[in-house]
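Asker: take a look and give me a structure for this.
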Amino acid sequence: MCLILYHFFLLLSSLCRMESSCLDLALEGERLCKAGDHRSWRLFFESAIQVGTEDLQILSAIYSQLGNAYFHLQEYTKALEYHRHDLTLTRTIGDELGEAKASGNLGNTLKLLGRFDEAVVCCQRHLEITRAMYDRVGQARALYNFGNVYHAKGKSICWIGAEPGEFPEDARTALKKATQYYEANLSLVQEMGDRAGQGRTYGNLGNTYYLLGDFEKAVSAHEKRLLIAKEFGDKSAERRGHCNLGNAHIFLGQFDVAAGHYKRTLQLARLLKDRAVEAQACYSLGNTYTLLQDYERAIDYHLKHLIIAQDLKDRVGEGRACWSLGNAHTALGNHEQAMHFAEKHLEIAKETGDKSGEVTARMNLSDLRLVVGLKSSANLHPNSYCNTNANSSALAASYQGYYTLPGQPKNTSTSKFRCTVRRSH
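Answerer: As a prediction, the model looks like this:
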């Protein structure tokens, strides 16, 4: 009898040490998690699982945190695995709040894996549980996640190169559902006085209305998002707000207003020392001044974009800059300089495997060589190439609208290729 009791106490002592060791590892993992050290805290949580525990609540928390760690590391298949373990455990022990959180985490992960229908099921379960528990914070999160799933689904089935508002009907249906869930979330976070939550939702609403082609509503949402970003002193969010407002105003044909927002975007990008965003802002400003037919200023900004692209070794961006510079120089009648940039564009398009860009560059070069050739011949034989018909333009005149940009009236376009103002989300 004494021997049995002795072994029992040894086993109990071992279990206590195991629980303590597992908990200690998990707590250290949580500390590293809060410090943002995702790789290290993942290792501590994995070690905690290896040590083991009889406490299913602790194990559930570890699975949840591991899922989050892999999610932040963009290893979504591993994240899915651990969030599923967490969901199974929470259901086993009857932890409804834990099940709601696990369902939400699964929905977010499935969304990023492009498995939208499964994500919707998880979001629905998350919403049902939080409503049943009168958990308003949880409900708001579930509604926001629902909106994100439909927003991502809508974007995933959009035609490549399609302009906002010109997407297929199934994409528009998904985007409209996204706005409904975002509006429901917005109503709830406003009731709770959650200004940070309102800011996030206004930003996503603005992006969704933009994709639907409802630019007035997009502007309204992004202006509210910008106001909240300023309240919090969030310069990154403020920068995104100005960029998104610039994009929306382009499609409204309000190019001067768009230029103002892009200039503020550029200032904030420099303040934040974000060279990639600085390049994007210069590119957008170059395109906007092309729409305003201020080609000298367009060239200035496209040259700034080109220099940054070269510094960042961004060959695609460099090619885009050369293409835009060729456009602006052609509009000014600087055909030799336009040819220089068109040749660079062709070189980069071939190097990067951009077949569409290569075709465009070859067409542009062909047209430019013909224009330069006509001018040379006209100089040699001034009377032979005299055009007395004011309505019969030489090729050079057709370059005034060389590329179509978002917001440019379609009836003025003589474009061969569409140049899209880049967007931030």
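
Asker: dump the residue contacts of residue 358.
Answerer: For residue 358, the contacting residues are 346, 349-350, by C-beta atoms under 8 Å, 6 or more residues apart in numbering. The way it works is simple: take the backbone N, C-alpha and C, and place the C-beta from them, glycine included.

Asker: which of these fall in helices?
Answerer: Among the contacts of residue 358, the ones falling in helices (DSSP state H) are 346, 349-350.

Asker: still on that earlier bit, how about the contacts of residue 358 in JSON lines, adding distance to residue 148 and neighbour count?
Answerer: As requested, those are arranged in JSON lines below (distance: C-beta to C-beta, whole Å; neighbours: other C-beta atoms under 10 Å):
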{"residue": "346", "distance to residue 148": "40", "neighbour count": "23"}
{"residue": "349", "distance to residue 148": "35", "neighbour count": "23"}
{"residue": "350", "distance to residue 148": "39", "neighbour count": "15"}
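
Asker: out of those, who's nearest residue 91?
Answerer: residue 349 (54.2 Å; C-beta to C-beta).

Asker: where does the closest residue to that closest one other than its chain neighbours land in three-state SS?
Answerer: Sequence neighbours aside, residue 357 is the residue nearest to residue 349 in space, at 3.7 Å (criterion: C-beta to C-beta, 6 or more residues apart in numbering). When classified by DSSP: H, G, I helix; E, B strand; the rest coil, residue 357 comes out as helix.

Asker: how close does residue 357 sit to residue 348?
Answerer: 8 Å (C-beta to C-beta, to the nearest Å).

Asker: find residues that contact each of those two.
Answerer: residue 319.

Asker: shaky segments in the stretch 251-400 of the chain?
Answerer: Within the stretch 251-400 of the chain, the ranges that satisfy pLDDT under 70 run 373-400.

Asker: how about the helices in it?
Answerer: All helices of the stretch 251-400 of the chain, identified by DSSP state H, counting those that start in this stretch, fall at 255-271, 275-291, 295-311, 315-331, 335-352, 355-380.

Asker: got CSV for these, with distance to residue 220 too?
Answerer: What follows is these, written out as CSV (distance: least, C-beta to C-beta, whole Å):
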stretch, distance to residue 220
helix 255-271, 14
helix 275-291, 21
helix 295-311, 28
helix 315-331, 31
helix 335-352, 38
helix 355-380, 35
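
Asker: quick one: which of those helices is nearest residue 120?
Answerer: helix 275-291 (32.7 Å).

Asker: got the angle between that closest one and helix 295-311?
Answerer: Put simply, helix 275-291 runs at 160 degrees to helix 295-311, going by axes from the mean of the first three to the mean of the last three C-alpha atoms, to 10 degrees.

Asker: packing partners for the host helix or strand of residue 80?
Answerer: Residue 80 belongs to helix 76-92 when elements are defined using DSSP states H and E. Counting contacts by 3 or more C-beta pairs under 8 Å, 6 or more residues apart in numbering; DSSP states H and E, helix 76-92 is packed against helix 56-72, helix 96-112.

Asker: please identify the most buried of these.
Answerer: Highest mean neighbour count of the helices and strands packed on helix 76-92: helix 96-112, a mean of 23 (counted as mean count of other C-beta atoms under 10 Å).

Asker: what mean pLDDT would you report for that one?
Answerer: What helix 96-112 shows for mean pLDDT is 96.

Asker: could you give the angle of it to helix 76-92?
Answerer: 160 degrees.

Asker: quick one: contacts of helix 96-112?
Answerer: 60, 64, 67-68, 71, 76, 79-80, 83-84, 86-87, 89-91, 116, 118-120, 122-123, 125-126, 129-130, 132-133, 135, 138, 141-142, 145, 148-149, 152.

Asker: buried subset of those residues as a ChimeraX selection?
Answerer: In ChimeraX syntax, the buried subset of the contacts of helix 96-112 is picked out as below (16 or more other C-beta atoms under 10 Å):
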select :60,64,67,68,71,76,79,80,83,84,86,87,89,90,116,118,119,120,122,123,125,126,129,130,135,138,141,142,145,148,149,152
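
Asker: wasn't residue 114 part of a helix?
Answerer: No: if the criterion is three-state DSSP, then residue 114 is coil and not within a helix.

Asker: picking that back up, correct me if wrong: the residue nearest to residue 349 contacts residue 318.
Answerer: No: counting by C-beta atoms under 8 Å, residue 357 sits too far from residue 318 to count as a contact (11.6 Å).

Asker: sorry, back to before: so can I have TSV of the helices and strands packed on helix 76-92 showing distance to residue 281?
Answerer: Formatted as TSV, the helices and strands packed on helix 76-92 follow (distance: least, C-beta to C-beta, whole Å):
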stretch	distance to residue 281
helix 56-72	28
helix 96-112	28
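
Asker: out of those helices, the one nearest residue 205 is which?
Answerer: Residue 205 sits nearest to helix 96-112 of all the helices and strands packed on helix 76-92, at 17.5 Å, using C-beta to C-beta.

Asker: how far off helix 56-72 does the closest one point, in degrees?
Answerer: In terms of direction (the same axes, to 10 degrees), helix 96-112 departs from helix 56-72 by 20 degrees.

Asker: next helix or strand past helix 96-112?
Answerer: Using DSSP H and E, the first helix or strand after helix 96-112 is helix 116-132.

Asker: now tell me what touches that following helix from outside.
Answerer: By C-beta under 8 Å, 6+ apart, the residues outside helix 116-132 that reach it are 96-97, 99-101, 103-104, 106-108, 110-111, 135-136, 138-139, 141-143, 145-146, 149-150, 152-153, 156.

Asker: and if you look at stretch 134-144?
Answerer: With C-beta under 8 Å, 6+ apart as the criterion, stretch 134-144 contacts 97, 100-101, 104, 123, 126-127, 129-131, 181-182, 184-185, 188-189, 191-192, 194, 197, 200-201, 204.

Asker: now do stretch 205-225
Answerer: Among residues not part of stretch 205-225, those counted as contacts by C-beta under 8 Å, 6+ apart are 147, 151, 154-155, 158, 163-167, 172, 175-176, 178-179, 182-183, 186, 198-199, 202-203, 237, 241, 244-245, 247-249, 251-252, 423, 425.

Asker: ends of that stretch, how far apart?
Answerer: Distance across stretch 205-225, first residue to last, is 10 Å (C-alpha to C-alpha, to the nearest Å).

Asker: equivalent analysis for stretch 350-361, please.
Answerer: Across stretch 350-361, the terminal residues are separated by 10 Å (C-alpha to C-alpha).

Asker: now that stretch: how far from the chain's centre is it?
Answerer: Chain-centre distance of stretch 350-361: 25 Å, with C-alpha atoms, centre = their mean, to the nearest Å.
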